[in-house]
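In: Here is the input, now give the coordinates:
(chains A, B, C and D)
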Number of protein chains: 2
Amino acid sequence: MATASKTDDFLFAPSEEAPGPQYLALRNRIAEGIARGRLAPGVRLPSERQLQLNTGAARGTIREALAQLEAEGLVYRRDRSGWYVSPPAVTYDPTRWAGFMSYVAEQGRAPATETLAKETAPATPSLADIFRVSPGTPLYDITRRRSIDGRTVLIERIMVDPALAPGLLAHPLDGSLTRILAEQYDLTVARNRIDMKPCALTGATADALGVKPGTPGLLVVRSSFDAAGRVVEYDQEYWRHDAIRVHVDLAVRERVGASVVE
Amino acid sequence: MATASKTDDFLFAPSEEAPGPQYLALRNRIAEGIARGRLAPGVRLPSERQLQLNTGAARGTIREALAQLEAEGLVYRRDRSGWYVSPPAVTYDPTRWAGFMSYVAEQGRAPATETLAKETAPATPSLADIFRVSPGTPLYDITRRRSIDGRTVLIERIMVDPALAPGLLAHPLDGSLTRILAEQYDLTVARNRIDMKPCALTGATADALGVKPGTPGLLVVRSSFDAAGRVVEYDQEYWRHDAIRVHVDLAVRERVGASVVE
DNA sequence: GAGTGGTCTAGACCACCTT
DNA sequence: AGGTGGTCTAGACCACTCA
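Out: Alright, predicted model coming up:
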């Protein structure tokens, strides 16, 4: 249960002593304000030029400190609006098959989904491989934006084989897609394959999330299979890196010493 | 099998068209060089001042482009030495209980482990909670540095209860700790609990990894339990963000619609 | 010792958000 | 319209790596 939640639960907590570069001193001041609750989640920091006056440092130095805090997930920026204290991350457990709307709500937060685009597009070679269809076969292609407590946290693109869920795009897609697939098409998920990789949010993704290109993110790629091994849903989720935390609890399949040849 | 490996396998691949800011143009040039193989993994980029001459941009702009590429995991820096093209990431599968030394070798890479410190330290309150001992109870505390093909990729700190593995610190710890626990103490892992979170590498961790404070990373916290539910090993791993990729393949425990109350 | 990245300054103009 | 962050310049000195 008790997942470590505060910085000081971690063994490598940054030591607050060393003087070091000037931008780290400012970073420490702000980080401390957040840790002590003086700066609450969602609160806006003073403007960069205001911080210049407070600290006497050049603006570049101020921005270095803020970028550092952003990399740590303590603050985030709203383009040309300002810097804000990050809200806590939600925990994502791929072994518990509740969808986004459920598990976010369970954690006492307010989830929302917005469909940005839905269309039918021919399968690229790699998608064809995943769905075991011929390249060029039409696939449903849904782009959605999801938010927590009003803050956008991820952009996802979902591919579904129309052969399994004909007419899917006619349904309201702003809720749980998994639920629609289960209730309307009797498609239930038996197995999930998930890949996760830290990444940078760039290009169209960064635009849709409203973040500066290059902001660190987390890419979660999910393939859902039914009992027959068919791909029910293929999903790429680009998360803001400070919004997600992954938790997995599982029985071990192999022991050390077992020869791993397969 | 076929995990997407190239940028263009992803649906949100950054579009190479838009002109946009000048640092993105440079970023695109370098990213393209890497994608086309002209810049191979491990190769060193021209120095920042050299890039200034090539592009006519100010050094700050050059560094902006390089920082962007670093955030994307395409390049990394060696302190005061230069910028280098990142090697491919290794895949980590928490459901397959091979240790670091095994799964890295399986992927055709050369793993290495170095013990930085080993000592006995009293349990902090949160550690005492995890191990179900009283605060202050001595625990083994091992700090290690692990590398792949000669490049440091993670710093980890492992806690073990001496009651389960007396004299552990006397063993050579530069190999597989899990193997020692299994072979010497008959401690086998039945269950793993894993938490993952994008983070920034700061302070002592950044120093030990030889990265600039604030470099993005991935924190993997692993609790291993034996069949009796005892904590065999508690491990915090701080990874370079461009060195790891997580893959999970699992059967689903709950279905949509199941009431989630527990 | 020459060259590298790390840090910092003090300006500037712009696109955009906010009110 | 005023303020914000986003981008960019042209310098500077330093700590460190590397040959």
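In: Could you use CA atoms for every contact and neighbour count after this?
Out: OK.
In: buried sites along stretch A:51-71?
Out: By neighbour count on 16 or more other CA atoms under 10 Å in any protein chain shown, the buried set for stretch A:51-71 is A:51-52, A:61-71.
In: Determine which two of these are furthest apart.
Out: A:52 and A:71 (20.8 Å; CA to CA).
In: among the buried residues of stretch A:51-71, which are in reach of chain B?
Out: A:68-69, A:71 (CA under 8 Å from any CA of the partner chain).
In: Among those, which one lies nearest to residue A:239?
Out: The closest of those, once distances to residue A:239 are taken by CA to CA, is residue A:71, at 13.9 Å.
In: Now for that closest one: which residues touch it?
Out: Taking CA atoms under 8 Å, 6 or more residues apart in numbering or on different chains as the contact definition, residue A:71 lies against A:216, B:199-200, B:214-216.
In: Give me the lowest-pLDDT entry from those residues.
Out: By pLDDT, residue B:214 ranks lowest within the contacts of residue A:71, coming in at 80.
In: I'd say it and residue A:73 touch.
Out: No: Residue B:214 is beyond contact range of residue A:73, at 10.4 Å (criterion: CA atoms under 8 Å).
In: Find residues that contact each of these two.
Out: Shared contacts of residue B:214 and residue A:73, counting by CA under 8 Å, 6+ apart, come down to residue B:200.
In: any chance of the contacts of residue A:71 in CSV, with secondary structure and distance to residue B:25 too?
Out: Converted to CSV, the contacts of residue A:71 look like this (DSSP: H, G, I helix; E, B strand; the rest coil; distance: CA to CA, whole Å):
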residue, secondary structure, distance to residue B:25
A:216, strand, 19
B:199, strand, 28
B:200, strand, 26
B:214, coil, 24
B:215, strand, 23
B:216, strand, 23
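In: now, which of the residues you listed lie close to DNA strand C?
Out: Among these, no residue is within reach of DNA strand C (CA under 7 Å from any atom of the strand).
In: In CSV: these, plus neighbour count.
Out: Output for the contacts of residue A:71, formatted as CSV (neighbours: other CA atoms under 10 Å in any protein chain shown):
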residue, neighbour count
A:216, 32
B:199, 26
B:200, 26
B:214, 21
B:215, 21
B:216, 32
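In: and DNA strand C, which of the buried residues of stretch A:51-71 contact it?
Out: Among the buried residues of stretch A:51-71, DNA strand C is touched by residue A:61 when using CA under 7 Å from any atom of the strand.
In: okay if I get the buried residues of stretch A:51-71 as a markdown table plus secondary structure, pLDDT and distance to residue B:134?
Out: Listed next are the buried residues of stretch A:51-71 as a markdown table, based on DSSP: H, G, I helix; E, B strand; the rest coil; pLDDT from 0 to 100; distance: CA to CA, whole Å:
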| residue | secondary structure | pLDDT | distance to residue B:134 |
| --- | --- | --- | --- |
| A:51 | helix | 97 | 45 |
| A:52 | helix | 96 | 48 |
| A:61 | helix | 97 | 45 |
| A:62 | helix | 98 | 44 |
| A:63 | helix | 97 | 44 |
| A:64 | helix | 96 | 42 |
| A:65 | helix | 96 | 39 |
| A:66 | helix | 96 | 40 |
| A:67 | helix | 94 | 40 |
| A:68 | helix | 93 | 37 |
| A:69 | helix | 94 | 35 |
| A:70 | helix | 94 | 37 |
| A:71 | helix | 90 | 36 |
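In: Which member of the buried residues of stretch A:51-71 is positioned nearest DNA strand C?
Out: residue A:61 (5.0 Å; CA to the nearest atom of the strand).
In: Skipping adjacent residues, who's closest to that closest one in space?
Out: Distances taken as CA to CA, 6 or more residues apart in numbering or on different chains place residue A:23 nearest to residue A:61, at 5.6 Å, with adjacent residues excluded.
In: same check, this time on residue A:217
Out: residue A:241 is the one closest to residue A:217 (CA to CA, 6+ apart), at 4.1 Å.
In: Enumerate every residue touching the residue nearest to residue A:61.
Out: Counted by CA under 8 Å, 6+ apart, residue A:23 has contacts A:61-62, A:64-65.
In: Go again with 10 Å.
Out: Taking CA atoms under 10 Å, 6 or more residues apart in numbering or on different chains, we find residue A:23 in contact with A:29, A:57-58, A:60-68.
In: One more: residue A:64?
Out: Neighbours of residue A:64 in contact, by CA under 10 Å, 6+ apart: A:22-24, A:26-27, A:70, B:214.
In: Give me the phi and psi angles of the residue in chain A that DNA strand C sits nearest to.
Out: Closest residue of chain A to DNA strand C, CA to the nearest atom of the strand: residue A:22 (3.0 Å). Here is the backbone geometry of residue A:22 (degrees, to the nearest 10): phi -60, psi -40.
In: Check which helix or strand residue A:25 maps to.
Out: Residue A:25 is part of helix A:22-35, with elements assigned from DSSP states H and E.
In: and that helix with DNA strand D, contact?
Out: No: with CA under 7 Å from any atom of the strand as the criterion, DNA strand D is not reached by helix A:22-35; the gap is at least 12.8 Å.
In: Likewise for stretch A:188-208?
Out: No: contact of stretch A:188-208 with DNA strand D (CA under 7 Å from any atom of the strand) is absent, the minimum separation being 11.1 Å.
In: distance between that stretch and the chain's centre?
Out: Its chain's C-alpha centre and that of stretch A:188-208 lie 7 Å apart, by CA atoms, centre = their mean, to the nearest Å.
In: If residue A:244 is in a bridge, with which residues?
Out: Residue A:244 forms beta bridges with residue A:90, as assigned by DSSP bridges.
In: Please determine how far it is located from residue B:197.
Out: Separation of residue A:244 from residue B:197 (CA to CA, to the nearest Å): 7 Å.
In: Next, show the common contact partners of the two.
Out: With CA under 10 Å, 6+ apart, residue A:244 and residue B:197 have common neighbours A:89, A:91, A:218.
In: The stretch 51-200 of chain A: strands as residue ranges?
Out: A:75-78, A:82-85, A:90-92, A:111-122, A:138-148, A:151-160, A:191-201 (DSSP state E, counting those that start in this stretch).
In: For residue A:194, grab the count of nearby residues.
Out: 18 (other CA atoms under 10 Å in any protein chain shown).
In: One more: residue A:174?
Out: 15.
In: what's near enough to touch it?
Out: If you count contacts by CA under 10 Å, 6+ apart, then residue A:174 has A:101, A:112-116, A:144-146 around it.
In: What of residue A:123?
Out: Contacts of residue A:123 (CA under 10 Å, 6+ apart): A:129-131, A:133-141, A:159, A:161.
In: Do a quick rundown of the helices in the stretch 151-262 of chain A.
Out: Counting by DSSP state H, counting those that start in this stretch, the stretch 151-262 of chain A has helices at residues A:177-185, A:203-209.
In: Chain B is nearest to which of these?
Out: Taking CA to the nearest CA, helix A:203-209 is the member of the helices of the stretch 151-262 of chain A nearest to chain B, at 4.8 Å.
In: what residues does the stretch 51-200 of chain A put near DNA strand C?
Out: So the stretch 51-200 of chain A meets DNA strand C at A:56-61, A:79-81 (CA under 7 Å from any atom of the strand).
In: Kindly recompute the last result at 10 Å.
Out: A:52, A:55-65, A:78-82 (CA under 10 Å from any atom of the strand).
In: so what pLDDT did residue A:1 get?
Out: 38.
In: Residue A:226 and residue A:185 touch, don't they?
Out: No: judged on CA atoms under 10 Å, residue A:226 makes no contact with residue A:185 at a distance of 11.9 Å.
In: which regions of chain A sit below the pLDDT cut-off?
Out: By pLDDT under 70, the weakly predicted segments of chain A are A:1-19, A:253-262.
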